[in-house]
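Enquirer: Generate a structure from the sequence data that follows.
(2 chains)
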2 protein chains.
Amino acid sequence: MSVTIMHVKERLEADNDRNAAAVRALLKEKNIFLVNLMSSPGAGKTTVLVPTIHVLEKKYRVGVMEADMDSDVDAKTIAEKTGAQVIQLHTGNCCHMDAGMTMDGLQHMDLDHLDVIFLENVGNLVCPAEFDVGGALKTAILSVPEGDDKPLKYPLMFKRADVVLENKADTAPIFDYDFDRAENNAKALNPDLVFFRISALKGEGMDSWTGWLMNRIDTWRQA
Amino acid sequence: MSVTIMHVKERLEADNDRNAAAVRALLKEKNIFLVNLMSSPGAGKTTVLVPTIHVLEKKYRVGVMEADMDSDVDAKTIAEKTGAQVIQLHTGNCCHMDAGMTMDGLQHMDLDHLDVIFLENVGNLVCPAEFDVGGALKTAILSVPEGDDKPLKYPLMFKRADVVLENKADTAPIFDYDFDRAENNAKALNPDLVFFRISALKGEGMDSWTGWLMNRIDTWRQA
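Expert: You can find the predicted model right below:
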């Protein structure tokens, strides 16, 4: 990679950090907890979101920003299946959300009537990890069929995340997936990382995850 | 996204196109067929490569460029299990290979003793699709557990690919994966797209894929 590209990248990162600080200040003022939800394509972001929102919307007013390169399939699913306020962001060929795009999205939401916002990032285990969007919680979904070696191969995501949901956990025997191996590799990068083994489709492990999440939300909003 | 970023991106794309033309000229001169192998994390790029190389190395001298953000797990696997010439490229936090990085990699290979090179790209269904590396064939792996809606959500990969390997095909019933739906959605973007339904671990469908690939290689090398 040429030196020119590196300079560009550093400048983009500095811009992003400034924008992330602005997002953080706005959300603190409005007392809105923003969750940045990241994973590979097809790991189950939308499938996890729907039952998570079902639990959270008993207590909070929930919004969702759906970032997609092109389609609006996921936004429609969320709007049909939950009571959440949903907006769709088309990123074109852009492979991640950054803080500037997040701020643009927030301007289109009714922030005076929201307590929690989920940003469903573009399906990508690489680039979204590099861009702080100004949220309160970074959640990564690791899909069991992808294999337990993913923390070794995509270390930045596991360094930056606060919590990892190991989804499709019921298929672990088929894919020879070793939970301890995955978790130990990730903890070597990030000792404070929290894990939940879940199957969003079957409902397994969802109570532990949503209970933990609500505790984080309450602590942050009361601070 | 700001106008500044778009300008940067256009400049990067123009640089890449120039570098891709240089890679293409070099490989034509050396008569080496370069396969750009792309997929999401954990879709099975390495698992497909090993048996593919086993078949190809009976006829061709095979090389592999392993692009990884950090680890060298895959390069070691290929080196242990096949006779291919393997080099490892660390991309750092860069989420894709571009043509300049590909040229750097080629400089470290013994091009006078190779007929076919596989570039195992960074696991990412988004960014690698944007960057032509100068190869003769773009191969995308779609892992069945990711779901049959991926062509709708990540259209660029399916627009740009020449061939799609639907891997882990044996798990389709578990994930409610509809091959026709996936293929029709992808063909709507790219009518010439070729599909193989395979299970690299179990060997299913591999003869059709490798037979087709060898035919493409021979046609290209004799042109």
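
Enquirer: Just grab the bridge partners of the residue most central in space within chain A for me.
Expert: In chain A, the residue lying closest to the centroid (CA atoms, centre = their mean) is residue A:37, at 0.9 Å. With DSSP bridges as the criterion, residue A:37 is bridged to residue A:120, residue A:139.

Enquirer: Just list the residues touching it, thanks.
Expert: Contacts for residue A:37 were tallied using CB atoms under 8 Å, 6 or more residues apart in numbering or on different chains; they are A:45, A:48-49, A:118-121, A:139, A:141. Placement of C-beta: from N, CA and C, glycine included.

Enquirer: Try it again at 7 Å.
Expert: Taking CB atoms under 7 Å, 6 or more residues apart in numbering or on different chains as the contact definition, residue A:37 lies against A:45, A:49, A:118-121, A:139.

Enquirer: just residue A:53 next, same as before
Expert: A:62, A:82, A:84.

Enquirer: now do residue A:74
Expert: Contacts of residue A:74 (CB under 7 Å, 6+ apart): A:46, A:66, A:68, A:120.

Enquirer: cool, residue A:110 as well?
Expert: Taking CB under 7 Å, 6+ apart, we find residue A:110 in contact with residue A:85.

Enquirer: where's it relative to residue A:61, distance?
Expert: Applying CB to CB, to the nearest Å, the value for residue A:110 to residue A:61 is 9 Å.

Enquirer: For stretch A:81-89, give the mean pLDDT please.
Expert: The average pLDDT within stretch A:81-89 is 92.

Enquirer: can you tell me the distance between the two ends of that stretch?
Expert: Its start and end residues considered, stretch A:81-89 measures 19 Å (CA to CA, to the nearest Å).

Enquirer: Please see if it touches chain B.
Expert: No: judged by CB under 7 Å from any CB of the partner chain, stretch A:81-89 stays clear of chain B, getting no closer than 10.7 Å.

Enquirer: Now find how far off-centre that stretch is within its chain.
Expert: Relative to its chain's centre, stretch A:81-89 lies at 15 Å (CA atoms, centre = their mean, to the nearest Å).

Enquirer: Residues in contact with it: which ones?
Expert: Stretch A:81-89 has contacts (CB under 7 Å, 6+ apart) with A:50, A:53-54, A:57, A:62-68, A:72, A:75, A:78-79, A:101, A:105, A:108-110, A:114.

Enquirer: Name the residues of that stretch that are buried.
Expert: A:82, A:84-89 (16 or more other CB atoms under 10 Å in any protein chain shown).

Enquirer: Which ones among the residues you listed lie within strands?
Expert: Counted as lying in strands by DSSP state E, out of these, are A:85-89.

Enquirer: Out of those residues, the closest to chain B would be?
Expert: Using CB to the nearest CB, residue A:89 comes nearest to chain B of these, at 10.7 Å.

Enquirer: Tell me how many other residues crowd the residue lying closest to residue A:152 once chain neighbours are set aside.
Expert: Counting by CB to CB, 6 or more residues apart in numbering or on different chains, residue A:152 lies nearest to residue B:71, which is 4.9 Å off, once chain neighbours are set aside. For residue B:71, the number of neighbouring residues by other CB atoms under 10 Å in any protein chain shown comes to 17.

Enquirer: Could you check the pLDDT of residue B:71?
Expert: pLDDT, read off for residue B:71, is 80.

Enquirer: Do a quick rundown of the strands in chain A.
Expert: Under DSSP E, chain A gives strands at A:33-39, A:62-68, A:85-90, A:116-120, A:137-143, A:163-167, A:194-197.

Enquirer: So which residues on chain A come close to chain B?
Expert: With CB under 7 Å from any CB as the criterion, chain A comes near chain B at residues A:1-2, A:5, A:8, A:12, A:40-42, A:68-71, A:73, A:93-95, A:100-101, A:122-127, A:130, A:143, A:145-147, A:149-150, A:152-156, A:168, A:171, A:174.

Enquirer: Identify each buried residue in stretch A:216-223, please.
Expert: So stretch A:216-223, judged by 16+ other CB under 10 Å, has buried residues A:216-217, A:220.

Enquirer: do stretch A:21-33 as well
Expert: A:23-24, A:26-27, A:32-33.

Enquirer: what about it, distance to the chain center?
Expert: That offset, for stretch A:21-33, works out to 17 Å (CA atoms, centre = their mean).

Enquirer: Tell me where chain A has helices.
Expert: Taking DSSP state H as the criterion, chain A contains helices spanning A:3-30, A:45-56, A:73-81, A:99-107, A:150-153, A:155-160, A:172-175, A:179-189, A:206-222.

Enquirer: Out of these, which is closest to residue B:182?
Expert: Residue B:182 lies closest to helix A:73-81 among the helices of chain A, at 13.7 Å (CB to CB).

Enquirer: Could you turn the buried ones of the contacts of stretch A:81-89 into a ChimeraX selection?
Expert: The ChimeraX selection below is limited to those of the contacts of stretch A:81-89 classed as buried (16+ other CB under 10 Å):
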select /A:50,53,54,62,63,64,65,66,67,68,75,78,79,101,105,109,114
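
Enquirer: before we move on, the earlier item: could the buried residues of stretch A:216-223 be laid out in a markdown table, adding distance to residue A:206?
Expert: As requested, the buried residues of stretch A:216-223 are arranged in a markdown table below (distance: CB to CB, whole Å):
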| residue | distance to residue A:206 |
| --- | --- |
| A:216 | 16 |
| A:217 | 16 |
| A:220 | 21 |
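
Enquirer: Closest to chain B out of the buried residues of stretch A:21-33?
Expert: residue A:23 (15.3 Å).

Enquirer: which residues touch that closest one?
Expert: A:99, A:102-103, A:106, A:133-134.

Enquirer: Out of those residues, who's the most crowded?
Expert: residue A:102 (30 neighbours).

Enquirer: Now it. Nearest residue, chain neighbours left out?
Expert: With sequence-adjacent residues excluded and distances taken as CB to CB, 6+ apart, residue A:102 is closest to residue A:133, at 4.3 Å.

Enquirer: ok, that neighbour to residue A:106 distance?
Expert: To residue A:106, residue A:133 is 10 Å away according to CB to CB.
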